[in-house]
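Asks: coordinates for the following, if possible.
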Amino acid sequence: MGHKAVASEHPTYGQQAVRTSMGRLSLAGHIRWVKEHITAEDNSKRWVTRTYWSGMPRSVEWWAEFVEARHGRDVTPDYRGGLAHLRGPDSDPEAAAQEGAPPEESPAYRALASLRATDPRMSLSEADCRALEALAAEWLARGATVTEIVRALTCGLPATVHNPGGIARTRLEKKMPPKPSTAPAARARIDRAVMMCTMCEEYLPGARLIGGLCADCYAELVPEAAGKTPGTLPATFLPAPRRTPQADVTDRVAELRRAAGLAPKPGDR
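Replies: Next comes the predicted model:
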């Protein structure tokens, strides 16, 4: 869930704004990027990048222990990349038991609600989103992504849409992806897990992360920590000194007129 992917789902925000927001969430202890090397029982191997987040801010030590605990974890049911919310044994039972917290919107509901920003012609009401939530959830259960749902509901629309809820229902029903294969998945486990910079999405072996950020991204987000004054321009953005003296325009014009055999103008030197 990098900043480019998030910005593509929320076009009202730019990539740089999303990137900065993710960096601040990382410093606050809410989010981390973890790169996991997974080996399946058929000896296939691959790296998977996951975004872990917590509603409760966590300390640097807590996140380090969490990443360390990923080593050797059986991930057969979740053998794919994507967003991994801290639930079950990974979550804080006290945070989960907070009273009065509003229920979380499902990914299917959020996908339908996001249509308003993607294409105003498909703006769905809350009642429409609730009515179609089960269909969208079935898409997700069959392996479709939120991007695929949005694309299926917004591509090839007529110039004017009078009943976006009806069109969404028809498309969700008729374009429903097939059910995934029932063949048992190969057993898979994590061989190695390393933390990545949340802003530049790079893993630098041996580099120390500061609140989930590399030194360069931390200095960019917190310039005063690197001895820089916020709001100052880097030297590369400042005008370079002129290599030759600036010529006088009047003298240059008079010189050109003399070379062309024209009479000098009053005031020419």
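
Asks: quick check: residue 39 is in a strand.
Replies: Yes. Counting by DSSP: H, G, I helix; E, B strand; the rest coil, residue 39 falls inside a strand.

Asks: pLDDT value on it, please?
Replies: Model confidence at residue 39, given as pLDDT, is 85.

Asks: correct me, but it touches residue 45?
Replies: Yes. Counting by CB atoms under 8 Å, residue 39 touches residue 45, with 5.0 Å between them. Yep, even glycine has a C-beta here, placed from its N, CA and C like the rest.

Asks: overlap in contacts of the two?
Replies: Taking CB atoms under 8 Å, 6 or more residues apart in numbering as the criterion, residue 39 and residue 45 both touch residue 191.

Asks: what about those two, which has more around it?
Replies: When residue 39 and residue 45 are compared for neighbours, residue 39 comes out ahead with 16 against 11, by other CB atoms under 10 Å.

Asks: and the more buried one, what is it in contact with?
Replies: Counting by CB under 8 Å, 6+ apart, residue 39 makes contact with 45, 188, 189, 191.

Asks: TSV for those, including distance to residue 23?
Replies: TSV is the format used below for those (distance: CB to CB, whole Å):
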residue	distance to residue 23
45	31
188	31
189	31
191	29
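
Asks: only whichever of these are buried, select them in ChimeraX.
Replies: Written as a ChimeraX command, the selection of buried residues from those, which uses 16 or more other CB atoms under 10 Å, is:
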select :188,189
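
Asks: check for me that residue 130 belongs to a helix.
Replies: Yes. If the criterion is three-state DSSP, then residue 130 is within a helix.

Asks: doesn't residue 109 make contact with it?
Replies: Yes. Contact criterion CB under 8 Å: residue 130 and residue 109 qualify, at 7.3 Å.

Asks: show me which of the two is the more surrounded one.
Replies: residue 109 (17 against 12).

Asks: look up how far residue 128 lies from the more buried one.
Replies: Distance of residue 109 to residue 128, computed by CB to CB, to the nearest Å: 11 Å.

Asks: do residue 207 as well
Replies: The gap separating residue 207 from residue 128 is 48 Å, by CB to CB.

Asks: who has more neighbours, these two?
Replies: Taking other CB under 10 Å, residue 207 and residue 128 do not tie; residue 128 has more neighbours (20 against 12).

Asks: who are the contact partners of residue 45?
Replies: Under the criterion of CB under 8 Å, 6+ apart, the neighbours of residue 45 are 37, 38, 39, 191.

Asks: helix, strand or coil for the last one?
Replies: The reference is to residue 191. With three-state DSSP as the basis, residue 191 sits in strand.

Asks: mind listing what it touches?
Replies: So residue 191 contacts 37, 38, 39, 45, 71, 72 (CB under 8 Å, 6+ apart).

Asks: so what's the fifth one scoring on pLDDT?
Replies: Looking at residue 71, its pLDDT stands at 85.

Asks: same check, this time on the fourth one
Replies: In the prediction, the pLDDT value recorded for residue 45 is 83.

Asks: for it, what are phi and psi?
Replies: Note on residue 45: its backbone torsions stand at phi -130, psi 150 [degrees, to the nearest 10].

Asks: show me what the nearest residue to residue 70 once chain neighbours are set aside bridges to in the sheet.
Replies: Of all residues not flanking residue 70 in the chain, residue 193 sits nearest, at 3.8 Å (CB to CB, 6 or more residues apart in numbering). Residue 193 has the following beta-bridge partners by DSSP bridges: residue 36.

Asks: count the neighbours of residue 193 for me.
Replies: Counted with other CB under 10 Å, residue 193 comes out at 20.

Asks: pLDDT weak spots in the stretch 101-250 of the chain?
Replies: 101-104, 182-186, 204, 206, 225-247 (pLDDT under 70).

Asks: could you pull out the strands for it?
Replies: Taking DSSP state E, counting those that start in this stretch to define them, one finds strands in the stretch 101-250 of the chain at 188-196.

Asks: domain parsing for the protein?
Replies: 1-79+185-241, 103-180 (automatic domain parsing).

Asks: off-centre distance for the first one?
Replies: Centre-to-centre, domain 1-79+185-241 and its host chain are 10 Å apart (CA atoms, centre = their mean, to the nearest Å).

Asks: please consider this matter closed, and thank you.
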